[in-house]
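S.K.: After the sequence you'll find the predicted model.
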Amino acid sequence: MKNLHLRGEVLLTITSLLWGASFVAQRLGMNYIGPFTFTSSRFLIGALSLIPVIFMMDKMNARQGVVVSKDTKSLLAGGLACGVALFTAISFQQVGLIYTTAGKAGFITALYIVLVPLLGLFLHKKVEKVIWVGVALAVIGLYLLCVKDGLSIGKGDLIVLCGTVFWAIHILTVDHFVQKVDSLKMSFLQFVVAGVLSLIVAVFSETINFSDIVRSAGPILFTGIFVVGIAYTLQILGQKDTNPTVAALILSMESVFAVIAGMIFLGEQMSAKEVMGCVLMFSAVIITELKPSFMKKAVLNSDK
């Protein structure tokens with residue numbers, strides 16, 4: 001059991017690293033093409049990259065006698081629900097990156113960790129007091145990071161912030177379906193759904209030029225194969241063996257990796273005020289997630 005938990009945590013750490021680096025690739029990818037053309041390309045490529053993996057895993061499971069869920073109804077429902085949530089979240093993020101930095105977008109996106117337990121309020125679930133402390137720190141941090149003189153918030157920051165709600169919904173949706181279906185096949189379906197929806201929007205709102213897509217091939221292939229095909233799949237596989245609270249905490253590290261990647265590859269810099277905002281927001285994430293995970297660990301230990 002401990003080995004499974006460790007494997008899940010390692011997979012989620014790799015996921016957060018790739019997600020953090022993807023903010024840079026997402027900005028570079030829009031040098032020649034629109035946000036929805038970029039998103040549709042990366043998700044459809046990501047889906048294609050999973051096909052041989054799915055075939056290999058099916059053969060491996062058959063040889064080893066592993067029984068995989070054949071609940072087609074839940075698989076289709078999970079793929080559709082996760083795909084719609086993913087499309088909505090990534091759309092806000094991708095458009096927001098036109099107007100803000102990779103580092104700031106990474107930290108704003110990380111606020112979904114605080115939102116995950118807060119959404120439980122709508123399900124009539126009790127929210128720990130520590131969550132409200134995290135929310136207060138997150139609000140102060142967000143103010144320092146995003147609010148400019150004159151109490152105005154940057155357009156890009158606001159757009160990315162809207163997407164944060166849907167990242168939280170995506171986390172909860174994955175957690176709901178991942179124990180019921182084949183993880184890889186659900187991952188494939190969510191990418192197809194997100195890619196097709198993005199393509200539909202791109203056809204009606206952007207000029208799609210194949211030569212421009214070729215010029216953006218590097219960022220598209222990186223985000224398509226490594227970030228979509230590998231990272232999002234590792235998220236699903238990792239969450240299967242990891243407590244949702246611990247998983248959310250590990251995935252929140254993408255914000256740190258996004259800042260580091262932005263500084264290295266894009267030369268992005270932050271003011272002292274923005275750095276303090278990042279520190280407070282990351283503290284909010286840690287405070288929000290650590291106490292529940294310790295409580296969960298205590299419960300598990302008491303059951304042994």
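M.R.: Received it, and whenever you're ready, just let me know what you need.
S.K.: burial measure for L221, as a count.
M.R.: When counting by other C-beta atoms under 10 Å, one arrives at 18 neighbours for L221. For the C-beta atoms, the positions are set from N, CA and C on the backbone; glycine is no exception.
S.K.: Give the residue spans of the protein that score low on pLDDT.
M.R.: 1-5, 120, 123-127, 149-152, 244-245, 289-304 (pLDDT under 70).
S.K.: Run through the strands of this structure in chain order.
M.R.: Per DSSP state E, the chain carries strands over the ranges 147-148, 152-153.
S.K.: want to throw those into JSON lines with mean neighbour count?
M.R.: Shown next, in JSON lines, are those (neighbours: other C-beta atoms under 10 Å):
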{"stretch": "strand 147-148", "mean neighbour count": "12"}
{"stretch": "strand 152-153", "mean neighbour count": "12"}
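S.K.: And those strands: which comes nearest G267?
M.R.: Nearest to G267 among the strands of the chain is strand 147-148; the distance by C-beta to C-beta comes to 21.1 Å.
S.K.: Direction included, what does that closest one pair up with?
M.R.: Here strand 147-148 is paired, per DSSP bridges, with strand 152-153 (antiparallel).
S.K.: just to revisit the earlier point, just so I know, which of the strands of the chain lies nearest A194?
M.R.: strand 152-153 (27.1 Å).
S.K.: Could I get the strands of the chain in a markdown table, plus columns for distance to L234?
M.R.: Shown next, in a markdown table, are the strands of the chain (distance: least, C-beta to C-beta, whole Å):
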| stretch | distance to L234 |
| --- | --- |
| strand 147-148 | 35 |
| strand 152-153 | 33 |
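S.K.: For G79, which of these is the nearest?
M.R.: Closest among the strands of the chain, using C-beta to C-beta: strand 152-153, at 34.8 Å.
S.K.: what's G141 in contact with, if anything?
M.R.: 107, 276-284 (C-beta atoms under 8 Å, 6 or more residues apart in numbering).
S.K.: now do 10 Å
M.R.: Neighbouring residues of G141 by C-beta atoms under 10 Å, 6 or more residues apart in numbering: 107-108, 111, 274, 276-285.
S.K.: Now restrict those to buried residues only.
M.R.: 107-108, 111, 274, 277-278, 280-285 (16 or more other C-beta atoms under 10 Å).
S.K.: Could you dump the contacts of G141 into CSV and include distance to L221?
M.R.: Formatted as CSV, the contacts of G141 follow (distance: C-beta to C-beta, whole Å):
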residue, distance to L221
F107, 26
I108, 26
L111, 29
E274, 31
M276, 37
G277, 33
C278, 30
V279, 34
L280, 36
M281, 31
F282, 30
S283, 36
A284, 35
V285, 31
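S.K.: and which of those is nearest K155?
M.R.: Nearest to K155 among the contacts of G141, with distances taken as C-beta to C-beta, is I108, at 12.6 Å.
S.K.: Please report the distance of the closest one from S255.
M.R.: 8 Å (C-beta to C-beta, to the nearest Å).
S.K.: same deal with F188?
M.R.: From F188 to S255 the distance is 27 Å (C-beta to C-beta).
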